[in-house]
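In: show me the folded form of this:
(2 chains)
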Amino acid sequence: SQQGEEDPQALSIQEGENATMNCSYKTSINNLQWYRQNSGRGLVHLILIRSNEREKHSGRLRVTLDTSKKSSSLLITASRAADTASYFCALGGGAGSYQLTFGKGTKLSVIP
Amino acid sequence: ETGVTQTPRHLVMGMTNKKSLKCEQHLGHNAMYWYKQSAKKPLELMFVYNFKEQTENNSVPSRFSPECPNSSHLFLHLHTLQPEDSALYLCASSQARPGHTEAFFGQGTRLTVV
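Out: As a prediction, this is how the structure comes out:
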């Protein structure tokens, strides 16, 4: 099954700066989701964007989806030290499929 | 607290032991999942249950045996594991209707096989 590929693998920024992470994939999707994982803990769902949507916002998060380029980006504005975590994109399957396939993630470090 | 509870949080077992991981969800979801997370590898989907029926088994070795007695509970029975099975095992649940596969994860069980 397909999986998304996040880029970069690691990102280090100063508190207050914006962080941008990208996800590319190869086949058609129903939706694309972003998750966050603090070290050694479970994943937390951040935002879901459907294949017919181009942009979505949630608080300091902005997600874009370009189905023609098969790519998505996650922007975290005005980053905080508490945003330090790994961020994963997950590809949602079509009708009748309940699989979510994850990439390897981007490890974000926000330096106070 | 996501509504998905996993026990135990940490487990150390020998290669000849038999143990079980437990997952419980209080969200009224109808689908439950086991994922394996190893260092430097993508999250691997192991098993999917929808309405207690196993719908996916992604070529997982038989030393891992899932059990789903009802829509709220999921177990992963472990026996004769190998050291390379050491990983974080994550349980998740979702409502699993088309186009709405948002998953809620437990905190995971950190398994070490010695």
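In: mind checking which helix or strand of chain B has the lowest mean pLDDT?
Out: Taking mean pLDDT, DSSP states H and E as the measure, the helices and strands of chain B show their lowest mean at strand B:53-57, namely a mean of 75.
In: show the pLDDT at residue 28.
Out: Since you didn't name a chain, this refers to chain A. Predicted confidence (pLDDT) at A:Ser28: the value is 85.
In: should've been chain B
Out: Each residue has a pLDDT score; the one for B:Gly28 is 92.
In: what about it, is that helix, strand or coil?
Out: Classification of B:Gly28 by DSSP: H, G, I helix; E, B strand; the rest coil places it in coil.
In: distance of the spatially closest residue to A:Gln9 that is not a sequence neighbour from B:Thr55?
Out: Nearest in space to A:Gln9, with sequence neighbours left out and distances taken as CB to CB, 6 or more residues apart in numbering or on different chains, is A:Thr106 at 6.4 Å. C-beta: built from backbone N, CA, C; applies to glycine. Counting by CB to CB, to the nearest Å, the gap from A:Thr106 to B:Thr55 is 30 Å.
In: what of A:Glu55?
Out: Using CB to CB, one obtains 33 Å as the distance from A:Glu55 to B:Thr55.
In: so which of the two has more stuff around it?
Out: For A:Glu55 versus B:Thr55, neighbours defined as other CB atoms under 10 Å in any protein chain shown are more numerous around B:Thr55 (15 against 11).
In: how far away is that one from chain A?
Out: When CB to the nearest CB, to the nearest Å is applied, the distance between B:Thr55 and chain A equals 7 Å.
In: who's residue 10 bridged to?
Out: Picking chain A for this. When assigned by DSSP bridges, A:Ala10 has beta-bridge partners A:Lys107.
In: right idea, wrong chain: chain B
Out: So, taking DSSP bridges as the rule, B:His10 has B:Arg110 as bridge partners.
In: tell me the contacts of B:Met32?
Out: Counting by CB atoms under 8 Å, 6 or more residues apart in numbering or on different chains, B:Met32 touches B:Cys23, B:Gln25, B:Val48, B:Tyr49, B:Cys68, B:Ser71, B:Leu74, B:Cys91, B:Ala92, B:Ser93.
In: in the least confident helix or strand of chain B, what counts as buried?
Out: Applying a neighbour-count criterion of 16 or more other CB atoms under 10 Å in any protein chain shown, one finds B:Glu56 buried in strand B:53-57.
In: what's the first helix or strand after it?
Out: For strand B:53-57, the following helix or strand on the C-terminal side (DSSP states H and E) is strand B:64-70.
In: what is the neighbour count of the residue nearest to A:Gln9?
Out: 22.
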